[in-house]
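1. need a structure here:
(one chain, ligands or ions: 2)
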Amino acid sequence: MSTETKCNPDLVRERAKCTFDVNELINLFYGSEKATKERRHFEDAVLAVKELKDAIPEEYLSHKERYENGVRKATILRDVYRDYKAKHNRDPPPNQITKAVIKDISPFLLHNGMFVPTIAGQGTPEQQAEWLPKAESMQIIGTYAQTELGHGSFIRGLETIATYDPKTEEFVLNNPTLTSFKWWPGGLGSTVNHCVVVAQLYINGKSHGIHPFIAQIRDLDTHKPLPGVKVGEIGPKMGFQTANNGFLGFDNFRIPRKNMLMKNAQVLKDGTFVKGINEKLTYGTMVMVRVGIVGDCSFYAALAATIAVRYSAVRHQSHIKASEPEAQILDYLTQQHKLFIAVASSHVYRNAYLWMEKMYTNVMKELSQDKQDNLPELHATACCLKAVCSRDAGSLVEECRLACGGHGYMASSNLPLTYGVTIAAVTYEGERTVLLLQTARYLMKAWMAALKGKVLSPSVSYLLNSLKESKKPWQNTPEGIVKGFQHVSFGKVKAAYETIQKYMKQGKDYEDAWNLASVQLVKASEAHSRAILCEVSWEAVCSSSASPNLSRVLQQLAQLYLTYWTLETSGDLLLYSNITKDDLIILRDKYEELLVAIRPNAVGLVDGFDLRDEILNSTLGSYDGRVYERLMEEALKSPLNQETVNSSFHKYLKPMMEKAKL
Ligand SMILES: CCCCCCCCCCCCCCCCCCCCCCCCC/C=C/C(=O)SCCNC(=O)CCNC(=O)[C@H](O)C(C)(C)COP(=O)(O)OP(=O)(O)OC[C@H]1O[C@@H](n2cnc3c(N)ncnc32)[C@H](O)[C@@H]1OP(=O)(O)O
Ligand SMILES: Cc1cc2nc3c(=O)[nH]c(=O)nc-3n(C[C@H](O)[C@H](O)[C@H](O)COP(=O)(O)OP(=O)(O)OC[C@H]3O[C@@H](n4cnc5c(N)ncnc54)[C@H](O)[C@@H]3O)c2cc1C
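-> Ligands and ions are numbered 1, 2, ... in the order given. Here you go, the predicted model:
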């Protein structure tokens with residue numbers, strides 16, 4: 001962390017005001033003092049590599065140069081990871097240093113994030129032994145190729161075909177239509193030589209559903225596409241410019257039988273298909289990544305909040321009182337309203353991620369013992385939390401950007417890029433609405449079970465309590481608010497269910513009734529997610545080991561989250577809980593009090609995310625607050641400022657002006 005020398009005096013004053021120990025917060029956030037030390041040590045090692053520093057900001061590079069620079073840095077970064085592992089005999093601690101190096105998205109993201117985990121999760125021990133060492137050591141580079149031009153959400157509709165040929169004991173891969181071309185996989189464009197391809201399995205003309213296959217698509221020496229492979233890059237996007245997303249099509253491309261990942265289902269040599277215990281286990285990598293995305297949302301909210309809060313402490317504009325100097329914009333309550341929810345939400349997502357990670361680990365352990373009872377709950381919870389946290393995080397990043405005024409629009413603030421990357425998670429790994437409807441299926445089943453008085457899984461057991469407690473008066477406490485959100489979810493689940501019943505009574509079949517009720521179903525899933533986020537985060541702060549000073553501030557943040565969402569969704573609460581107009585007025589006042597109470601700790605709280613300047617990569621958010629100096633320094637790096645007169649003057653402007661004289 002930078003020292004306070006040459007620090008902006010406003011930030012020095014802000015840090016002096018802080019009522020808790022920032023290091024204690026950092027250690028709590030990252031797990032322990034040891035974890036903080038190890039993470040920082042690793043970050044230092046990465047940042048010490050001179051070759052990882054960019055000569056000019058990436059925005060000035062062409063699409064091609066940007067990609068090539070991304071690959072260059074990703075390979076160096078990979079060496080640092082390898083060396084760390086060799087020296088310490090363990091993986092580097094969780095960190096976000098890739099953001100300081102690649103800035104956008106690594107062309108290896110899909111290799112590390114989905115290719116390797118799919119082999120580990122979907123391969124037999126023999127397949128793991130064959131592929132994992134090569135993949136983990138980067139002798140081969142892979143991606144996860146599932147989505148096609150025509151189908152992303154509805155994966156049972158994928159059109160890529162894998163036909164088993166028992167004579168040669170091979171699968172023949174084909175993409176018979178344009179819409180069957182794989183489209184989107186990261187790294188596919190020009191980086192990878194292997195991929196997990198998700199395809200429809202056909203044996204003797206019979207379809208057996210979708211399965212994952214490993215295909216080598218490029219020659220390991222020349223990197224040329226193998227015969228029968230058509231592959232390329234899909235072009236510029238809103239973000240993810242260095243992720244190298246690509247397209248892929250096969251024409252009678254043969255792979256050996258052993259290349260079907262067969263942990264869950266098998267194809268024997270003679271073409272006998274052996275069904276797995278649950279075909280949805282094929283979707284396992286997606287569930288894991290959805291859990292991880294909740295953690296990513298914590299990071300993106302923290303990053304944007306750090307930039308915007310520090311900038312708001314440094315930036316002065318207008319007067320609160322005419323007799324006083326221009327105010328720090330952080331002193332405007334409206335600014336606090338925009339920013340503190342981002343700080344609070346980062347903690348909420350972090351706690352939700354840790355909670356989900358535990359659920360995921362438990363279910364994986366149970367699955368290894370062939371016990372699947374808790375898989376539906378994991379799937380339903382991962383779907384809705386991924387959907388809600390990613391959309392909220394995107395909105396929070398955008399709000400932080402807007403809160404920085406004009407300078408937030410500068411690429412050098414890093415807020416535009418951060419928005420593009422954060423908002424992508426609303427779509428990838430399962431489109432928001434589609435995932436919320438998956439959770440709604442689970443909620444409808446849970447509701448039917450509740451009506452029959454059956455015991456429900458922990459994450460939905462509140463439905464039973466709400467059924468019993470619906471007449472209890474509203475309590476203006478955090479616990480009361482958590483219950484309130486559960487009542488809203490209960491009310492929406494019940495209403496959606498009754499709507500389906502109503503349409504069915506009118507003669508519609510279940511599917512049509514479902515579609516007609518689907519706006520309500522999505523809202524029920526959102527309400528369920530909010531109830532989980534509120535409950536999990538409030539429980540986490542109440543059971544935290546923080547000192548009284550820190551605990552007080554963390555509770556304020558958690559209460560801010562609860563109160564913010566109470567006021568945002570007051571209509572729902574009035575409809576489905578026993579909250580009154582008077583309660584809402586009390587909570588509105590409470591919300592304002594919380595903003596005022598958090599204000600002195602705002603800078604300390606974002607310092608507590610411990611995101612280095614290199615990770616923030618922002619003219620507005622650095623630790624020392626040299627905002628204006630950095631804005632000018634970065635502007636001077638523009639290629640247009642490397643020459644006094646640009647050639648366009650002689651080519652276009654001067655002729656135009658001369659023509660105008662005639
Ligand atoms: C300051 C903070 C700093 C902190 C710094 C510290 C660092 C720590 C940070 C923490 C970070 C954590 C890191 C963790 C690491 C992991 C994360 C790694 C990320 C890297 C990867 C990023 C990838 C980005 C690129 C994107 C890739 C992709 O997009 S890949 C393609 C994804 N595609 C999809 O998601 C497709 C969506 N569609 C589907 O999933 C399915 O089609 C469907 C689910 C929608 C429908 O399927 P289907 O039609 O088959 O099913 P039905 O609707 O008919 O349902 C039938 C029943 O099956 C049940 N079911 C469905 N799916 C599942 C499932 N997966 N599991 C279990 N059950 C399932 C369904 O519920 C039905 O059941 P019922 O019949 O109702 O009982
Ligand atoms: C940045 C990025 C990276 C990606 N990386 C990868 C990758 O590495 N590998 C990979 O395989 N894929 C990848 N994807 C693809 C991604 O997984 C899909 O785009 C995503 O699953 C959504 O599918 P879709 O594009 O088909 O959207 P669609 O399903 O076509 O969605 C369009 C609209 O239709 C609606 N809709 C669709 N179905 C329903 C339904 N049943 N009910 C109600 N509404 C519905 C949606 O809500 C949405 O509003 C990536 C995507 C992005 C944006």
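2. For the closest residue to ligand 2 within the stretch 251-400 of the chain, give its distance to residue 264.
-> Ranking the residues of the stretch 251-400 of the chain by distance to ligand 2 (Cβ to the nearest ligand atom) places residue 286 first, at 8.6 Å. Every residue, glycine included, has its C-beta placed from N, CA and C. The gap separating residue 286 from residue 264 is 14 Å, by Cβ to Cβ, to the nearest Å.
3. Then residue 17?
-> On the measure of Cβ to Cβ, residue 17 and residue 264 end up 56 Å apart.
4. neighbour count winner among those two?
-> For the pair residue 17 and residue 264, the greater number of neighbours falls to residue 264 (21 against 12), based on other Cβ atoms under 10 Å.
5. Where do the helices of the stretch 301-450 of the chain begin and end?
-> Assigned by DSSP state H, counting those that start in this stretch, the helices in the stretch 301-450 of the chain fall at 333-368, 375-403, 415-424, 432-451.
6. Show me where the stretch 551-662 of the chain dips below the pLDDT cut-off.
-> Of all residues in the stretch 551-662 of the chain, none has pLDDT under 70.
7. residues contacting the residue in it that ligand 1 sits nearest to?
-> Nearest residue of the stretch 551-662 of the chain to ligand 1: residue 609, at 4.1 Å (Cβ to the nearest ligand atom). For residue 609, the contact set (Cβ atoms under 8 Å, 6 or more residues apart in numbering) comprises 26, 29, 302-303, 305-306, 346.
8. Of these, which is the nearest to ligand 1?
-> residue 302 (3.3 Å).
9. residues contacting that closest one?
-> Here residue 302 is in contact with 343, 346, 606, 609, 611 (Cβ under 8 Å, 6+ apart).
10. per-residue pLDDT, it?
-> pLDDT recorded at residue 302 is 98.
11. Three-state assignment for the residue of the chain found nearest ligand 2, please.
-> Closest contact between the chain and ligand 2, by Cβ to the nearest ligand atom, is at residue 152 (2.4 Å). Secondary structure state of residue 152, per DSSP: H, G, I helix; E, B strand; the rest coil, is coil.
12. residues contacting it?
-> 146, 184, 431.
13. cool, and residue 80?
-> 45-46, 49.
14. could you show me where the strands are in this structure, in order?
-> Ranges of strands within the chain are 142-145, 161-165, 170-174, 182-183, 194-203, 206-216, 229-233, 246-250, 253-256, 266-267, 273-274, based on DSSP state E.
15. looking at those, which is closest to ligand 1?
-> Of the strands of the chain, the one closest to ligand 1 (Cβ to the nearest ligand atom) turns out to be strand 142-145, at 5.5 Å.
16. Tell me which residues are up against that closest one.
-> With contacts defined as Cβ under 8 Å, 6+ apart, strand 142-145 is touched by 110-111, 114-116, 118, 135, 182, 185-188, 191-198, 214, 246, 248, 285.
17. need the contact list for residue 78.
-> The contact partners of residue 78, by Cβ under 8 Å, 6+ apart, come to 108, 138.
18. Which pLDDT value belongs to it?
-> Predicted confidence (pLDDT) for residue 78: 96.
19. picking up where we left off before, give me whichever of the strands of the chain is most buried.
-> Neighbour counts (mean count of other Cβ atoms under 10 Å) averaged over each of the strands of the chain peak at strand 142-145, with a mean of 31.
20. Given it, what are its sheet partners and their directions?
-> Paired with strand 142-145 in the same sheet, following DSSP bridges, are strand 194-203 (parallel).
21. okay, the partner strand in CSV with CA atoms only?
-> Coordinates of the C-alpha atoms in strand 194-203 are reproduced here as CSV (Å, rounded to 0.1, in the frame of the first residue of the first chain):
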residue,chain,number,x,y,z
HIS,A,194,-8.2,-27.6,-27.5
CYS,A,195,-11.7,-27.2,-26.3
VAL,A,196,-14.4,-28.9,-24.4
VAL,A,197,-17.2,-29.1,-27.0
VAL,A,198,-20.7,-29.6,-25.8
ALA,A,199,-22.6,-31.6,-28.5
GLN,A,200,-25.6,-33.8,-29.1
LEU,A,201,-24.6,-37.4,-28.9
TYR,A,202,-26.0,-39.8,-31.6
ILE,A,203,-25.5,-43.5,-31.5
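22. Quick one: check that strand for contact with ligand 2.
-> No - using Cβ under 6 Å from any ligand atom, strand 194-203 never reaches ligand 2; the gap is at least 7.4 Å.
23. what pLDDT, on average, does that strand get?
-> 98.
24. So what's the gap between it and the chain middle?
-> On the basis of Cα atoms, centre = their mean, to the nearest Å, strand 194-203 sits 26 Å off its chain's mean C-alpha point.
25. my guess is residue 349 contacts residue 390, does it?
-> No - Residue 349 is not in contact with residue 390 according to Cβ atoms under 8 Å; the separation is 9.7 Å.
26. picking up where we left off before, so can I have a markdown table of the strands of the chain showing distance to residue 516?
-> Shown next, in a markdown table, are these (distance: least, Cβ to Cβ, whole Å):
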| stretch | distance to residue 516 |
| --- | --- |
| strand 142-145 | 35 |
| strand 161-165 | 35 |
| strand 170-174 | 38 |
| strand 182-183 | 31 |
| strand 194-203 | 31 |
| strand 206-216 | 29 |
| strand 229-233 | 41 |
| strand 246-250 | 36 |
| strand 253-256 | 43 |
| strand 266-267 | 41 |
| strand 273-274 | 38 |
